[in-house]
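Q: How does the following fold in three dimensions:
(2 chains)
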Amino acid sequence: MEFFVISLLNGVSYGLLLFMLSSGLTLIFSMMGVLNFAHAAFYMLGAYIAYSLGLKLGFFPALFLAPLVVGVLGAMVERYGLRTVHRYGHVAELLFTFGLAYLVEEIVKVIWGLTAVPYRVPAVLDGPLFTVYSTEFPKLRGFMMLVALLMLLAVYLLIKRTRIGLVIQAALTHPHMAEALGHNVPRVFMLVFGGGTALAGLAGVIGGVAFVTDPSMAPSLGPIIFVVAVVGGMGSLAGAFLASLLIGIIQSFAIGLNWSLSGFLSVLGIAVNAHTPLYSVWKMQLSEVAPMLPYLLLVLMLIFRPKGLLGTRAD
Amino acid sequence: MAGIPSKLRYRPLNLARWLIWGLTALVMAVLPQIFTQGFAITLMSQMGVAIVFALSYNMLLGQSGMLSFGHAVYSGLGAYVAVHVLNLAGSGQIWMPVSLLPLVGGLGGAFFGVLFGYVTTKRAGTTFAMITLGIGVLVATCATMFRDFFGGEGGISTDRVIGKPFLGITYGPGVQVYYLIAIWCLVSMALMYAWSHTPLGRIANAVRDNPERAEFIGYNTQRVRWFTLIISAFFAGIAGGLSTINFEIVTAENVGALHSAYVLIATFIGGVGFFFGPIIGAIVFTFFVVALSGYTNAWQFYLGLFFVLMVMYAPGGIASLVMMQVQLIARKRFKRIAPHYLAAGASSLVLLAALILTVEMTYQLSENSANGTLINLFGVHFDAAKALPWAVAIGLWIIGAVFFHLARKRVARVWGEIQTELLQARA
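A: Have a look, this model is predicted:
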């Protein structure tokens, strides 16, 4: 029971962090048809910029400022980079963001160095929030969930309840009509791109303190948020939410379990020992294969349900 | 035209084609006689491997419109199969000449192409790109887990000198390995060129340009993509087998994401629109990496910046830039634009100097700061923490930017004038 509750809480908080990233990715994709390969790079920039700002201003001002800086950078990338390659088609856009992801990683290495920076949890958020049986649940994890939920609510209200949200929705489905009615659709695109990257930056500020701030944080998280986007269904926000939680929970449970295929086979009465062919596969424990699970899920999803959990189109 | 019997069809010997292939073979044969240093031989061997790999990648990206982020999976797994077979042959358990080892790598690559390709090619476009990324990470994660096959951190090493010498060939000296790679490279190049003219190659182009129409005329686009991927994986596997012989070690890096990124960057820089583009790309990229990584630790930054600039301003790669000039030279207009090219080139050199100065100083202050802030750039010693070099950098940026802007405008204007003239001449 204790294991279950803690794993569930960890899984949900990790899933919410994933959703902070995948929501921006999904918004940008459904609006512009651009898969932002550099999304995780903005996540990393958020962490590094918050670290540098935090040294001077403290953690909480940086929490607000860093996403703003990242959002402005993102908007500039859209305005001066993506818009230039837009005329060459989607493959060129994908290549551009791929190159950008590579470039940002190198810029981070040039400016902040190759090793991790000491980005620490502020004293207010250090320590346990509550205790389940004998395991402590850290305050930071709770804060992570709180920020993610607040952000979710803010984005929801922005899109559903404000005028700019209305224009975004219109530009999402009928870009030409919205343009004909006098709305500056390219500027809306720029705002959405900037907003999406700002969300990634916000996730980075929190992810940076919760995990580790080093140049490998983008390439290690990047593929997972693509898995989320595909499993949830390309362009579906609700799907991205479900898939984020699913992957977060699967991973946090898998890390804690030492089940293996050989154990399963021995329950069935088949003994496996070191002389059995492919022994290294049978003895592999679930906790060891945990990093692989999202990608296995991706492959299975594509075989059995190519449009994703809540997606509407299959290509 | 219907009355003309088919045996009268006029089909001249394609002299230019024979000439180009013959010259390529000649250059490949002669090069190691000119550059005899060990360093040069190794570099050229690496280039040969990279050419096969990049061409196999362009089968997907250029010819069939499939952007893959996980092509190293096929070359890497091919290399692993090859290294295991070579080790078995070395211990005498099976008979296998080293010269044919790349074929083993190719078959290994093709096997995994059949397996993974079935899943990845179910979709096209952006989703295909993401699935290849997923498969790439999946295989790379496997490589750290299954030590028996992948050899864990240290990888699997081997010895290419096995059995008795055949006609004096042992593959001990680097030159012999170079010639083996050169022969395989030439054969693979010819085969891949021939493939682009087969019905499958042609329909792959159709699937790239308009999948809907290709389906309407009765082709299963998914199967076309799958078959193309299998053949591409075969040639990637050959490249993997060649690298096994060249380096005598295969590690998890061979299947990693960085390796996939490199082949994409090399192919794109060369140009995906022409068959010879990836060849240029592989040569330039390998030279770039080997030459630059010796000078600066920030070489990957320069590489990434170069790639992004290419995507933005020259999406056809070096090959398309070359072909544009060839057109001008053929129409005798090159002389008119050349001075403006020179001006643009000179001002971009100033910008490059500004960039190098800025990056190297930043790098010195952050990563290398333990070694002090003194820096040695092209033989000039200075202190990166002082204001003067930064002022110089800013000055160079401004001067370079102004002149580059002017020169670029002029190149664009003259280019436009020439194009209009050519159009009018045609009309």
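Q: and the next element down the chain from the helix or strand harbouring B:G48?
A: In the assignment (DSSP states H and E), B:G48 maps to helix B:38-64. Per DSSP H and E, helix B:38-64 leads on to helix B:72-90 as the next helix or strand towards the C-terminus.
Q: Can that next one be said to contact chain A?
A: No: on the criterion CB under 8 Å from any CB of the partner chain, helix B:72-90 is out of touch with chain A, staying 12.1 Å away. Placement of C-beta: from N, CA and C, glycine included.
Q: and the helix or strand following that helix, how far out from the chain's middle?
A: Using DSSP H and E, the next helix or strand after helix B:72-90 towards the C-terminus is helix B:101-120. Its chain's average C-alpha position is 20 Å from that of helix B:101-120, according to CA atoms, centre = their mean, to the nearest Å.
Q: Show the average pLDDT along helix B:101-120.
A: What helix B:101-120 shows for mean pLDDT is 91.
Q: Chain neighbours aside, what residue packs nearest to the residue in the stretch 151-300 of chain B that chain A sits nearest to?
A: Proximity of the stretch 151-300 of chain B to chain A (CB to the nearest CB) peaks at B:Q300, 5.0 Å away. Nearest residue to B:Q300, sequence neighbours excluded (CB to CB, 6 or more residues apart in numbering or on different chains): A:E106, at 5.0 Å.
Q: Pretty sure B:Y171 sits against B:L101.
A: No: at 9.7 Å, B:Y171 does not count as touching B:L101 under the criterion of CB atoms under 8 Å.
Q: what residues are shared contacts of those two?
A: B:I245 (CB atoms under 8 Å, 6 or more residues apart in numbering or on different chains).
Q: Which residue of these two possesses the greater neighbour count?
A: Between B:Y171 and B:L101, counted using other CB atoms under 10 Å in any protein chain shown, the more crowded position is B:L101 (26 against 22).
Q: B:A233 versus that one, what's the distance?
A: The gap separating B:L101 from B:A233 is 17 Å, by CB to CB, to the nearest Å.
Q: Same question for B:A412.
A: To B:A233, B:A412 is 42 Å away according to CB to CB.
Q: Report the distance from stretch B:378-387 to the chain centre.
A: Distance, centroid of stretch B:378-387 to centroid of chain: 36 Å (CA atoms, centre = their mean).
Q: Name the residues of it that come out as buried.
A: B:382, B:384 (16 or more other CB atoms under 10 Å in any protein chain shown).
Q: which residues touch the residue nearest to B:Q300?
A: Contacts for A:E106 (CB under 8 Å, 6+ apart) come out as B:298, B:300-301, B:304.
Q: Could you do B:L305 as well?
A: Going by CB under 8 Å, 6+ apart, B:L305 touches A:103, B:355.
Q: pLDDT at it, what is it?
A: Listed pLDDT for B:L305 reads 91.
Q: repeat for B:H71
A: pLDDT at B:H71 comes out at 92.
Q: What is the burial count for it?
A: 31.
Q: Would you agree it is in contact with B:N58?
A: No: applying CB under 8 Å, one finds B:H71 not in contact with B:N58, separated by 10.2 Å.
Q: what residue ranges in the stretch 251-400 of chain B score low on pLDDT?
A: Applying pLDDT under 70 to the stretch 251-400 of chain B picks out residues B:367-373.
Q: Can you show me the strands along it?
A: Using DSSP state E, counting those that start in this stretch, the strands found in the stretch 251-400 of chain B span residues B:374-377, B:380-383.
Q: that's a helix at B:W18, yeah?
A: Yes: membership of B:W18 in a helix is supported by DSSP: H, G, I helix; E, B strand; the rest coil.
Q: What segments of the stretch 151-300 of chain A are helices?
A: Listed in chain order, the helices of the stretch 151-300 of chain A (DSSP state H, counting those that start in this stretch) span residues A:163-173, A:175-180, A:185-210, A:217-232, A:237-256, A:261-267, A:279-282, A:286-289, A:293-304.
Q: Just put those in a markdown table and tack on mean neighbour count, mean pLDDT and distance to B:G48.
A: Formatted as a markdown table, those follow (neighbours: other CB atoms under 10 Å in any protein chain shown; pLDDT from 0 to 100; distance: least, CB to CB, whole Å):
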| stretch | mean neighbour count | mean pLDDT | distance to B:G48 |
| --- | --- | --- | --- |
| helix A:163-173 | 16 | 83 | 49 |
| helix A:175-180 | 14 | 85 | 48 |
| helix A:185-210 | 25 | 89 | 41 |
| helix A:217-232 | 25 | 86 | 29 |
| helix A:237-256 | 21 | 86 | 42 |
| helix A:261-267 | 14 | 69 | 42 |
| helix A:279-282 | 15 | 66 | 35 |
| helix A:286-289 | 16 | 74 | 38 |
| helix A:293-304 | 19 | 83 | 33 |
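Q: Ok, which of the ones you listed comes nearest A:L152?
A: The closest of the helices of the stretch 151-300 of chain A to A:L152 is helix A:237-256. By CB to CB, the value is 8.0 Å.
Q: now the closest one, how far from the centre of its chain.
A: With CA atoms, centre = their mean, you get 11 Å for helix A:237-256.
Q: distance of the closest residue to B:T121 other than its chain neighbours from B:A282?
A: Ranked by CB to CB, 6+ apart and with sequence neighbours excluded, the top spatial neighbour of B:T121 is B:R225, at 4.0 Å. According to CB to CB, B:R225 and B:A282 sit 24 Å apart.
Q: So for these two, which sits in the more crowded spot?
A: More neighbours surround B:A282 than the other of B:R225 and B:A282, with 30 against 25 (other CB under 10 Å).
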